[in-house]
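Chemist: pasting the structure only:
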DNA sequence: ACTTACTTGCTTGTGACAAGTTTGTTTGTT
DNA sequence: AACAAACAAACTTGTCACAAGCAAGTAAGT
């Protein structure tokens, strides 16, 4: 009579139930993190503001760290989709430029996602836990990806830097730029900063 | 008979008393922050581990945020002294190279100070409070200083970047490099990363 | 005597867990 | 095939432990 997704109030499978509550808690968490930061955002408010009880997030993920780890993965997945879409039809150094452009577009279209994602990144630095390993993996893969991009650049062959060193410089420029923007959003024009990063990267790669 | 600083158990002035407890709490806090992170470090443990009662840090600074703000200032001051010493007798682009070298030396001589300082920086991103403004000031001044350095470089005159844009790229490289090192200390060789940053900066400035 | 440095007791709020309730799924009987 | 009982999974509520923050007290310096 009514499809499971069309009428959410009628019978859903267990998988659909938890997928929906997960998704709504993620959305609520992003809002709260942008507003109050990962620390002040409470699991209780994430649950209630998603339309459930105060205890759901803690029940589902056991700890706040694990919940944030899942949220990081969720946000990272969203970003990777955009990135893959934007770099699909490029080659050589254009891929690196396209990656930065994808980030500029992401800032424009989903600023809250980016803000929440990087607030969680910087939050995770705090202490050592399971979530730390997830972050190490993500950043390790980002550098690996940059290495793959740069070794395919004709311009790069003459550079004094190793591909791995270039990838570290690339990530440093991106992370450090976003950091400055998060600290002083009214002083830093992130779009422009990233535009400058493109020419910096060209010079670092082609020197 | 005994100078106030030589014999700490005998009579001290009120100013000396609080200066000493401040200093010991800062040292204790740095240790705890490096070990457990700014979040898990508690004001109670900072007090007791400094040799005082659990309540002293909260009494002196009212809130944890204000305490951390003072600690950031303290650590930033230590770093600025080292930086000024290292860049005193330099000019032109050598000043920028010397600044990075100073950071490399700071990492070697006081790795815990740097770790604590940047953990506090990234911790402060979390939410908006008085401490945020201190961080904005510090980073604003760092960029201003980089602007002063770069405008004195003969190599820079032909660059497409504005001095302000160069300063942002400079800070991004430093902050983003240290970030990656904090996340993955065993994967990132910070000294080498900073060495590469020197040549990156040369190319960004001289392009 | 008075002020400043420091301590102790208490309140509140948050993370974490355990026990209970509701909703969805499977199995056995007619 | 239809129904109901048994089961499992999603979700809620009660409670504890611990840390921040505040207020009232004690000790040290002026």
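Modeler: Looks like it arrived, so ask away. Since this is a predicted model, take the numbers as computed values, not measurements.
Chemist: Residues contacting stretch A:159-167, please?
Modeler: Surrounding stretch A:159-167, the residues in contact under the criterion CB atoms under 8 Å, 6 or more residues apart in numbering or on different chains are A:142-144, A:146-147, A:150-151, A:156, A:169, A:204-207, B:192-193, B:196, B:199. All C-beta spots, glycine's among them, are computed from the backbone N, C-alpha and C.
Chemist: Kindly check the end-to-end length of it for me.
Modeler: 13 Å (CA to CA, to the nearest Å).
Chemist: Show me just the buried residues among the contacts of stretch A:159-167.
Modeler: The neighbour-count test (16 or more other CB atoms under 10 Å in any protein chain shown) marks A:142-143, A:146-147, A:150, A:156, A:169, A:204-207, B:193, B:196, B:199 as buried among those.
Chemist: related to what we said a few turns ago, give me the subset of the contacts of stretch A:159-167 that lies in helices.
Modeler: Cross-referencing the contacts of stretch A:159-167 against helices under DSSP state H gives A:142-144, A:146-147, A:150-151, A:169, A:204-206, B:192-193, B:196, B:199.
Chemist: how about low-confidence regions in chain A?
Modeler: A:1-10, A:207 (pLDDT under 70).
Chemist: just checking, what packs against whichever helix in it runs longest?
Modeler: Criterion DSSP H: the longest helix present in chain A is helix A:14-40. With contacts taken as 3 or more CB pairs under 8 Å, 6 or more residues apart in numbering or on different chains; DSSP states H and E, helix A:14-40 sits against helix A:43-49, helix A:56-61, helix A:64-87, helix A:111-124.
Chemist: Quickly find the element holding residue A:175.
Modeler: In this structure, residue A:175 sits in helix A:163-183 according to DSSP states H and E.
Chemist: show me the contacts for residue A:189.
Modeler: Contacts of residue A:189 (CB under 8 Å, 6+ apart): none.
Chemist: How about the contacts made by the closest residue to residue A:168 other than its chain neighbours?
Modeler: Distances taken as CB to CB, 6 or more residues apart in numbering or on different chains place residue B:193 nearest to residue A:168, at 5.3 Å, with adjacent residues excluded. Counting by CB under 8 Å, 6+ apart, residue B:193 touches A:165, A:168-169, A:172, B:177, B:180-181.
Chemist: and which of those residues is nearest DNA strand D?
Modeler: Among the contacts of residue B:193, residue B:181 lies closest to DNA strand D (CB to the nearest atom of the strand), at 25.9 Å.
Chemist: Distance-wise, check that closest one relative to residue B:31.
Modeler: 19 Å (CB to CB, to the nearest Å).
Chemist: How many residues are close by residue A:17?
Modeler: 12 (other CB atoms under 10 Å in any protein chain shown).
Chemist: residues in contact with it?
Modeler: So residue A:17 contacts nothing (CB under 8 Å, 6+ apart).
Chemist: how close does it sit to DNA strand C?
Modeler: For residue A:17, the distance to DNA strand C equals 6 Å [CB to the nearest atom of the strand, to the nearest Å].
Chemist: now do residue A:52
Modeler: Taken as CB to the nearest atom of the strand, the span from residue A:52 to DNA strand C is 12 Å.
Chemist: repeat for residue A:106
Modeler: Look at residue A:106 and DNA strand C: by CB to the nearest atom of the strand, they are 28 Å apart.
Chemist: The helix or strand harbouring that residue and chain B, are they touching?
Modeler: Assigning secondary structure by DSSP H and E places residue A:106 in helix A:93-109. No - using CB under 8 Å from any CB of the partner chain, helix A:93-109 stays clear of chain B, with a minimum separation of 12.4 Å.
Chemist: Could you check the angle that helix makes with helix A:64-87?
Modeler: In terms of direction (axes from the mean of the first three to the mean of the last three CA atoms, to 10 degrees), helix A:93-109 departs from helix A:64-87 by 120 degrees.
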